[in-house]
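Enquirer: Got a predicted structure here, sequence first:
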Amino acid sequence: MNATTDRPARRHRSWAEPWKVKVVEPIRMTTRAERERALLEAGFNTFLLRSEDVYIDLLTDSGTSAMSDSQWAGMMLGDEAYAGSRNFYHLEDAVRRYYGYRHVVPTHQGRGAENILSKVLIKPGDTVPGNMYFTTTRAHQELAGANFVDVIVREAHDPASDLPFKGNVDLAALEALIERVGASRIPYLCLAATVNMAGGQPVSMANIRAVHELARRYGIRVMLDATRAVENAYFIQQREAGFAGRSVAEILREFCSYSDGCTMSGKKDSLVNIGGWLAVNDAALYEEASNLVVLYEGLHTYGGMAGRDMEAMARGIEESVQDDHIRARIGQVEYLGEKLLEAGVPIVRPIGGHAVYLDAKAFYPHLDQEQFPAQALAAYLYEASGVRAMERGIVSAGRDRATGRNHHPALELVRLTIPRRVYTQAHMDVTAEAVIETYEQRASARGLRLVYEPKYLRFFQARFARD
Ligand code: F0G
């Protein structure tokens, strides 16, 4: 039996969202001519489109969730004192209760926490291993002087591999790296769950346990990127032997117990529009982080958030770990993914937790990776339908710091990211139709070339022209 409902977990039944809609926000369909103009103005970069010109916005699940009536009610209970807001203590309590860490440093969003963690722990020349890079995370590690080394399992780089835990760390690769560079040059291991750049793929409980043991043996910290750890916990409940009868909340607590702390973007799992935190168990580390946060974010009891934002996040955390919520959330992503699989569209398998990822290399085999196939595909999809997606390929991967050459990631993807509690199945149907239509026209697709490239995190602001 499932922990929060009284229906058997295995028998097939249609599911529905455990909420109903109370407020709606109108969206506007545009004409193809309008979209062509908008895309030109945006330099073929979906980040540079105006949201007004977007019909169904699947750019990101970050900060785009719909809050509940309880969260909105909490916004009215904001204690906007500069210091010691009661909402901070509520947030701290929620993090302790559901994630299990001792000390919490609030930040304005995830990258604020990444900045503090990197500055506190990394010395120039250090190495930070991780299960695939994430854009902002690696950027902060590199700015602090570290080298990021990918130690994810090989299958993570193969869109067609059906491994249930493609986010896992390759333990042999991790141990070989530690032996090569020496444990003293590895300030921490950065473990993301789920792994965004691999397609929203989870890490198993067995793997994080083994990582924890290995790291402990060498005296290396394990720092979790807990941004989508609730979604990860759901996959463990569904896929890993021995967890079917346990609640997502219990699984999350155990999962986090194999790490020494985490960075968190509350804009994803925690169902808020803004906010994040850094959590650690070590008191000395907390002292340093809570001192540094006053330089970059704000006092250690607000860290860049208003009191009301912290209240919404405290409430969001509690809602996010409910089994009914997470089943419906991931169920909707699977609904879209399965429609695309049925139509023969190449997507990353298994279907991820927060998004469906189109495999742009398989979509456009006639384009070279230097012609930015995923960026081109996101542009075509928008042009055809008004659906906005995001590139996660060579543009996102950026350049090697030493050689200046483009990284060539094995995965060249377009991410259709589903905001939480925002769109209906009908929106997913329209999206699937738009993708299928774009797939049918794949032979005539042309590539792009870069015409402007910013220095940091280029995918956000780069501009392109069509070949
Ligand atoms: N870690 C992961 C795994 C993320 O996906 C993100 C953000 C961050 C850290 C940084 O958090 O945005 O609050 O500063 N991902 C967004 C996305 C931008 O669209 O995937 P942030």
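Expert: Okay, I see it.

Enquirer: what about whichever residue of the chain sits closest to the ligand, how many neighbours?
Expert: Of all residues in the chain, Gly110 sits closest to the ligand, at 2.4 Å by C-beta to the nearest ligand atom. Quick note: C-beta positions are derived from backbone N, CA and C, even for glycine. The number of residues packed near Gly110 is 25, by other C-beta atoms under 10 Å.

Enquirer: Please apply the same query to Asp150.
Expert: 18.

Enquirer: I figured it hits Thr127, correct?
Expert: No - counting by C-beta atoms under 8 Å, Asp150 stays clear of Thr127, with 11.3 Å between them.

Enquirer: For stretch 327-341, output the C-alpha coordinates as PDB.
Expert: C-alpha atoms of stretch 327-341 as PDB (Å, rounded to 0.1, in the frame of the first residue of the first chain):
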ATOM      1  CA  ARG A 327       3.200  11.300  -8.400                       C
ATOM      2  CA  ALA A 328       1.000  13.700 -10.300                       C
ATOM      3  CA  ARG A 329       4.000  16.000 -11.100                       C
ATOM      4  CA  ILE A 330       6.200  13.300 -12.600                       C
ATOM      5  CA  GLY A 331       3.100  11.600 -14.000                       C
ATOM      6  CA  GLN A 332       2.500  14.600 -16.200                       C
ATOM      7  CA  VAL A 333       6.100  14.600 -17.500                       C
ATOM      8  CA  GLU A 334       5.700  10.900 -18.300                       C
ATOM      9  CA  TYR A 335       2.400  11.600 -20.100                       C
ATOM     10  CA  LEU A 336       4.200  14.000 -22.500                       C
ATOM     11  CA  GLY A 337       7.200  11.700 -22.900                       C
ATOM     12  CA  GLU A 338       5.100   8.700 -23.700                       C
ATOM     13  CA  LYS A 339       3.200  10.500 -26.400                       C
ATOM     14  CA  LEU A 340       6.500  11.400 -28.100                       C
ATOM     15  CA  LEU A 341       7.900   7.900 -27.800                       C
END
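
Enquirer: I'd like the mean pLDDT over it, please.
Expert: Across stretch 327-341, pLDDT averages out at 97.

Enquirer: That stretch and the ligand, any residue contact?
Expert: No - using C-beta under 6 Å from any ligand atom, stretch 327-341 never reaches the ligand; the gap is at least 13.8 Å.

Enquirer: Quick one: distance of that stretch to the chain centre.
Expert: On the basis of C-alpha atoms, centre = their mean, to the nearest Å, stretch 327-341 sits 17 Å off its chain's mean C-alpha point.

Enquirer: cool, stretch 199-214 as well?
Expert: 17 Å.

Enquirer: That stretch near the ligand anywhere?
Expert: No - using C-beta under 6 Å from any ligand atom, stretch 199-214 stays clear of the ligand, coming no nearer than 9.4 Å.

Enquirer: Going forward, count from 12.
Expert: Taking 12 as the first residue, the last one we looked at is stretch 210-225.

Enquirer: The most centrally placed residue in the chain - nearest residue in space that isn't next to it in sequence?
Expert: Nearest to the mean C-alpha position of the chain, by C-alpha atoms, centre = their mean, lies Asn207 at 4.6 Å. In this structure, Asn207 finds its nearest non-sequential neighbour in Phe145, 5.6 Å apart by C-beta to C-beta, 6 or more residues apart in numbering.

Enquirer: Does the one you found touch Met208 like I think?
Expert: Yes - with contact defined as C-beta under 8 Å, Phe145 counts as touching Met208 (6.0 Å).

Enquirer: Give me the distance between the residue nearest to Asn207 and Phe374.
Expert: Using C-beta to C-beta, to the nearest Å, Phe145 is found at 23 Å from Phe374.

Enquirer: got it, and Phe55?
Expert: In terms of C-beta to C-beta, Phe55 sits 16 Å off from Phe374.

Enquirer: Show me which of these two is the more surrounded one.
Expert: Phe55 (27 against 24).

Enquirer: show me what contacts the more buried one?
Expert: Taking C-beta atoms under 8 Å, 6 or more residues apart in numbering, we find Phe55 in contact with 386-387, 390, 459, 474-477.

Enquirer: Nice, that's everything, thank you.
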